[in-house]
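In: coords please:
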Amino acid sequence: MVLCSQAGMATSENPEQLIIALEPEAASIYCRKLRLHQMIDLSSKGPVNGYNPSDTISTGFTPAKEHIRRNRQSRTFLVENVIGEIWSELEEGDRYIVVDSGGGTVDVTVHQIRLPEGHLKELYKATGGPYGSLGVDYEFEKLLCKIFGEDFIEQFKIKRPAAWVDLMIAFESRKRAAAPDRTNPLNITLPFSFIDYYKKFRGHSVEHALRKSNVDFVKWSS
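Out: Coordinates of the predicted model:
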């Protein structure tokens, strides 16, 4: 509280000025401010990873409010990033899942609506594991180590740190463009200093390294 007072966020006379909430709680409160037309009906999407949303939503989203009233137990929505109001459509006892897909971890929490105050009851506390996007970065680095050698990658990060950052930025850009149903390949540009340093380090080209690595799902193009 002392630090909060010094920062002007709250005072001992007005401690209610500052509210600290856990991420799942903050996300849940945000989702309560969404309008129905700002939701995406997953029943219109194709199967992803063997799961077909139409298995749980039997009708469309027209009109959305009527569908919710008729089938309160089978709602699967993906929320867009717009503010609105959906709280009026929820009833006491409604339960929903909050999924926090972060950089380090993916956490899942289950909440239940409690009326008349509109309080939330935590049915299952946040649980998850290290399945966030940083794990994808780690797997990409492991792939580079498999192709070019762990000793080279470690030295490259030390000797050419700016180029390593450029490479990871390029990978991050392509990672955000990836999707489960995407069929065309993703192109990642290797920095010139990567190609040049590898030739000095190993004495042969990155193309030669890829051919020798037996990683058949990665192709090289000059």
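In: okay, CA-based contacts and neighbour counts for the rest of this
Out: Noted.
In: Looks to me like residue 198 is in a helix.
Out: Yes. Under DSSP: H, G, I helix; E, B strand; the rest coil, residue 198 falls within a helix.
In: Enumerate every residue touching it.
Out: Residues near residue 198 by Cα atoms under 8 Å, 6 or more residues apart in numbering: 152, 204-206.
In: Quick check: buried residues in the longest strand anywhere in the chain?
Out: Assignment by DSSP state E gives strand 119-129 as the longest strand of the chain. Residues 120, 126 are the ones in strand 119-129 that count as buried (16 or more other Cα atoms under 10 Å).
In: lowest-confidence helix or strand of this protein?
Out: The least trusted helix or strand in the chain, going by mean pLDDT, DSSP states H and E, turns out to be strand 77-79, with a mean of 45.
In: Just the closest of the contacts of residue 198 to residue 175, please.
Out: Using Cα to Cα, residue 206 comes nearest to residue 175 of those, at 21.9 Å.
In: where's the residue lying closest to the closest one once chain neighbours are set aside relative to residue 148, distance?
Out: Excluding the flanking residues, the one nearest residue 206 by Cα to Cα, 6 or more residues apart in numbering is residue 195, at 6.3 Å. Residue 195 sits 11 Å away from residue 148, going by Cα to Cα, to the nearest Å.
In: and the two? which has more neighbours close in?
Out: The neighbour count for residue 195 versus residue 148, taken as other Cα atoms under 10 Å, is higher for residue 148 (19 against 15).
In: Which pLDDT value goes with that one?
Out: Per-residue confidence at residue 148 stands at 96 (pLDDT).
In: what is in contact with residue 195 and residue 148 at once?
Out: residue 206.
In: Which helix or strand lies directly C-terminal to the least confident helix or strand of the chain?
Out: Downstream of strand 77-79, the next assigned helix or strand under DSSP states H and E is strand 95-101.
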